[in-house]
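>>> With the sequence up front, the predicted model follows.
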Amino acid sequence: MEKLQKLVISDFIQMTERIANGKTNVLDFGLEGMQFYRGEIHMIKMIGDHPGIFISEMARNFNVTRAVVAKTVRKLEEHGFLEKKEDDEDKKRFCLFLTEKGEMAYKLHNQYHQECDRPLFAYLESLNDNELHIIQEFLKHANDLIENHF
């Protein structure tokens, strides 16, 4: 049991490090102009999921500063992936929307996850409620561990 416990901890730490190191990886969807840093494509995803979202809301959701989000939003806007529209209720704020090109990137990102994540979804669907409960409890503890280290 102790050996299995060490294997689980080792696998979890390895996974955490791969996620942390993967922040700088570029996702290439195979079409011209459709290469993104993970932060960029996840901002496109958030705007696609929440059309009209504000920069401040995105910053809170990503737990980064507004300046970081604004810099990426400016770059994505310059490359034609999104557009800003003045908020009707507060003229100092801008609502963010995907352009047609942004919608294409959003769809490619969703397809990427459908293909890459399918084995995990299939595995989870094969588990019973008790097994899923154990995994859920493990993830709660793992998230607490990450919170303490970062």
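Noted; the coordinates are in hand.
>>> How many residues are close by Glu77?
16 (other Cβ atoms under 10 Å). C-betas here are computed from N, CA, C, even on glycine.
>>> send the alpha carbons of the one helix or strand it maps to over as CSV?
Per DSSP states H and E, Glu77 falls inside helix 66-78. Taking C-alpha atoms only, helix 66-78 is exported to CSV below (Å, rounded to 0.1, in the frame of the first residue of the first chain):
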residue,chain,number,x,y,z
ARG,A,66,-6.1,43.6,-15.6
ALA,A,67,-2.9,44.8,-17.3
VAL,A,68,-2.0,41.2,-18.3
VAL,A,69,-5.4,40.6,-19.8
ALA,A,70,-5.5,44.0,-21.5
LYS,A,71,-2.1,43.3,-23.2
THR,A,72,-3.3,39.9,-24.5
VAL,A,73,-6.7,41.3,-25.5
ARG,A,74,-4.9,44.1,-27.5
LYS,A,75,-2.8,41.6,-29.3
LEU,A,76,-5.8,39.4,-30.1
GLU,A,77,-7.8,42.4,-31.3
GLU,A,78,-4.9,43.5,-33.6
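>>> What is that helix packed up against?
helix 38-49, helix 55-62, strand 82-86 (3 or more Cβ pairs under 8 Å, 6 or more residues apart in numbering; DSSP states H and E).
>>> Which helix or strand lies directly C-terminal to the biggest helix by length in the chain?
Secondary structure of the chain per DSSP state H: the longest helix is helix 100-126. Later in the chain than helix 100-126, the nearest helix or strand by DSSP H and E is helix 129-149.
>>> tell me the mean pLDDT over that following helix?
For helix 129-149, mean pLDDT is 88.
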